[in-house]
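> using only what follows, build the 3D model:
(one chain, ligands or ions: 1)
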Amino acid sequence: MSRLIVVSNRLPLGDNPSGGLVVALEDALRSSGGVWIGFSGEVVDDPSDDLQDNPGAPFDRLSFDLTQQDHEEYYLGYSNSILWPLCHGRPNLMRILPEYLDGYRRVNARIARMMLPHLREGDRIWVQDYHLFPLAAELRKLGVTAPVGHFLHIPFPGPADCAALPNPEELFEWLSHFDLLGFQAQRDLGAFAESARQLTQVTQLSPTSFLLDDRKIHAQVFPIGIDAAAFVAEAEAAPDEDRIRTLTDAKLMIGVDRLDYSKGIPQRFRAFQILLEQDPELIEKISFLQIAPPTRGEVEAYQVIREETEHLAGRVNGQFSTLNWTPIRFIHRSVPRNVLAGLFRQAHIGLVTPLADGMNLVAKEYVAAQNPEDPGVLILSRFAGAAEQMPDALIINPHDPHDLAQAMAEAMRMPKEERRRRHATLLEEVMSHDVAWWSRTYLRALRVSDQGHESDRMQ
Ligand code: ADQ
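Numbers count the residues shown, from 1 in each chain. As a prediction, this is how the structure comes out:
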């Protein structure tokens, strides 16, 4: 039987792994006797080169540890101080050090070597995200001929940004060893095609196939979804005592993000300030809850965004708070999923305003959590991949605080009929393109692209 091998930066560990990606892949992994390989999260002095088994899931989980140096150069360095800012249109935030690229290549080569003894005839390999661009090339060097696909969860950079990499040609060389590249949005497939055209040797054979460095690869769009039915159930079952209590009858506006400079959190606070200045009727009528746990605190740009957001929230609260009401509640913590689902359901406005985002699952979770009889309004940035699928949200430009403030005012006053109409279309999209659809569609395309290659090899 053809096994599925999933490789991602972090292995989902814990006895009861949850989260959309895990749920989606669990079925595929279980039915094909699959394996998930990834970093254990442990940084140690002398890591073993044998992958460690982690029992307790319905599929095999194999992990590896990293040294401090690997963690700094591969993960914090090339992945999160070069590729992350670049793919989110912020090359000015890159920190390019030669050892980052060395570390990124070294760790990817090590992962390929560690995988080799675990691979069998007939396996299909599915590599997740930007930490592992060189993995297919490294596997090929070791003689692996299995189909290898990649899915990029974040945006693909356009030519001007790609050119700011220390090694733009090498990026395309790495990509040319995959059989299938998966992107979140048409925007990313377009950026890939254009960047390849400007920066390397490429011939586009069809809208979804390319000759890259003389190797035929397929590239397609597979917008990721959520485990929609489960999230709906979670929101319906959310206990009432988790409801936010306010001293006024203010409507709730919610934002839930990792604290990241790509998510547009300061822009939200500025727009909210403009809203309260221009529309004083809304004072004490709207309460903004922003939940944003800090991530990647070792990287300087994340320390800066934390200070900036705290400062802005403090300023808006200082300017507008009354004895009964605080305009912004800013929480730096993760919230359990069932509580989150209940908060989304209660919120009259869901605010998803990234400056750049691969997809943004919060937009889909917010829609799934609503009561269809009296739903809230999703305000969505045109720069989230989700905007391609969700035109019935209020689509805004997050760089323009007046546009965003105007959308907040419109959402506050939107009649129920219009809210229901918009929500019905959004929910239909979220339910029909859920995460199971995503993994099924991707894996089918990987099979088709491999059959194509087999017939090329036979000619
Ligand atoms: P992320 O950048 O992490 O993912 P997102 O798609 O919004 O962004 O997913 C975040 C997930 O974490 C959501 O399920 C959300 O509910 C949860 N979450 C966020 N903050 C939380 C909090 N405070 N408490 C509890 N849960 C919280 C990357 C890309 C995205 C892409 C996904 C999946 O950047 O663009 O959509 O991968 O491909």
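> where do the helices sit along the stretch 301-450 of the chain?
In the stretch 301-450 of the chain, the helices defined using DSSP state H, counting those that start in this stretch lie at 337-346, 361-369, 401-413, 416-432, 435-458.
> of all those helices, which lies closest to the ligand?
Among the helices of the stretch 301-450 of the chain, the nearest to the ligand by C-beta to the nearest ligand atom is helix 361-369 (3.5 Å). C-betas here are computed from N, CA, C, even on glycine.
> how about the nearest residue to residue 83 once chain neighbours are set aside, what does it touch?
Distances taken as C-beta to C-beta, 6 or more residues apart in numbering put residue 130 closest to residue 83, at 4.7 Å, once the chain neighbours are dropped. Residue 130 sits next to 79, 83, 84, 87, 152, 153, 154 when contact means C-beta atoms under 8 Å, 6 or more residues apart in numbering.
> picking up where we left off before, which of the helices of the stretch 301-450 of the chain has the lowest average pLDDT?
For the helices of the stretch 301-450 of the chain, mean pLDDT drops lowest on helix 435-458, to a mean of 82.
> residue 10: how many residues sit nearby?
Residue 10 sits with 14 neighbouring residues when counted by other C-beta atoms under 10 Å.
> just the helices of the stretch 301-450 of the chain: most buried one?
helix 361-369 (a mean of 28; mean count of other C-beta atoms under 10 Å).
> skipping adjacent residues, who's closest to residue 13 in space?
Counting by C-beta to C-beta, 6+ apart, residue 54 is the residue found nearest to residue 13 once chain neighbours are left out, at 6.0 Å.
> against the ligand, how distant is the one you found?
With the distance defined as C-beta to the nearest ligand atom, to the nearest Å, residue 54 ends up 22 Å from the ligand.
> and that residue, how close does it get to residue 35?
Distance, residue 54 to residue 35, by C-beta to C-beta, to the nearest Å: 11 Å.
> need the contact list for the closest residue to residue 383 other than its chain neighbours.
Nearest residue to residue 383, sequence neighbours excluded (C-beta to C-beta, 6+ apart): residue 356, at 5.2 Å. Residue 356 is in contact with 87, 88, 89, 90, 155, 262, 383, counting by C-beta under 8 Å, 6+ apart.
> residues of the stretch 201-350 of the chain that sit close to the ligand?
224, 256, 257, 258, 291, 293, 334, 335, 340 (C-beta under 6 Å from any ligand atom).
> ignore the last one, the stretch 51-200 of the chain
Within the stretch 51-200 of the chain, the positions lying close to the ligand (C-beta under 6 Å from any ligand atom) are 153, 154.
> which parts of the stretch 51-200 of the chain are helices?
68-70, 84-87, 98-115, 135-141, 159-162, 168-175, 186-199.
> and the gap between the residue nearest to the spatial centre of the chain and residue 88?
By C-alpha atoms, centre = their mean, the mean C-alpha position of the chain lies nearest to residue 153, the distance being 5.0 Å. With the distance defined as C-beta to C-beta, residue 153 ends up 12 Å from residue 88.
> which residues touch the longest strand along the chain?
With secondary structure taken from DSSP state E, the chain has its longest strand at strand 35-43. Under the criterion C-beta under 8 Å, 6+ apart, residues 3-13, 25, 29, 51-52, 54, 57, 59-68, 71, 75, 111, 115, 118 lie in contact with strand 35-43.
> narrow those residues to those in strands?
Taking DSSP E, the ones among those that sit in strands are 4-10, 52, 60-66.
> any residues in contact with both of residue 54 and residue 35?
With C-beta under 8 Å, 6+ apart, residue 54 and residue 35 have common neighbours 61, 62.
> okay, the two: which has more neighbours?
The neighbour comparison of residue 54 against residue 35 (other C-beta under 10 Å) goes to residue 35, with 23 against 19.
> quick one on the thing from earlier: pLDDT score for the residue nearest to residue 383?
Looking at residue 356, its pLDDT reads 98.
> again, but for residue 399
Residue 399 is assigned a predicted lDDT (pLDDT) of 98.
> also residue 22?
You'll see residue 22 listed with a pLDDT of 77.
> now it. Nearest residue, chain neighbours left out?
Closest to residue 22 by C-beta to C-beta, 6+ apart is residue 12, at 4.7 Å.
> what's the answer for residue 355, then?
residue 264 (4.8 Å).
> show me what contacts that neighbour?
353, 354, 355, 381, 398 are the contacts of residue 264 under C-beta under 8 Å, 6+ apart.
> which bits of the stretch 351-459 of the chain sit near the ligand?
Contact residues, the stretch 351-459 of the chain versus the ligand (C-beta under 6 Å from any ligand atom): 357, 358, 359, 360, 361, 362, 365.
> chain center to the lowest-mean-pLDDT helix or strand in the chain: distance?
Using mean pLDDT, DSSP states H and E, the weakest-scoring helix or strand in the chain turns out to be helix 20-31, at a mean of 77. The chain centre lies 17 Å from the centre of helix 20-31; the measure is C-alpha atoms, centre = their mean, to the nearest Å.
> now residue 279: how far from the ligand?
Using C-beta to the nearest ligand atom, we find residue 279 at a distance of 28 Å from the ligand.
> for the closest residue to that residue other than its chain neighbours, give me its contacts.
Excluding its sequence neighbours, the residue lying closest to residue 279 (C-beta to C-beta, 6+ apart) is residue 409, at 5.5 Å. Going by C-beta under 8 Å, 6+ apart, residue 409 touches 275, 278, 279, 282.
> likewise residue 211?
Residue 211 neighbours (C-beta under 8 Å, 6+ apart): 202, 203, 205.
> ok, and the most crowded of those?
Among those, residue 202 has the most neighbours (other C-beta under 10 Å), with 19 neighbours.
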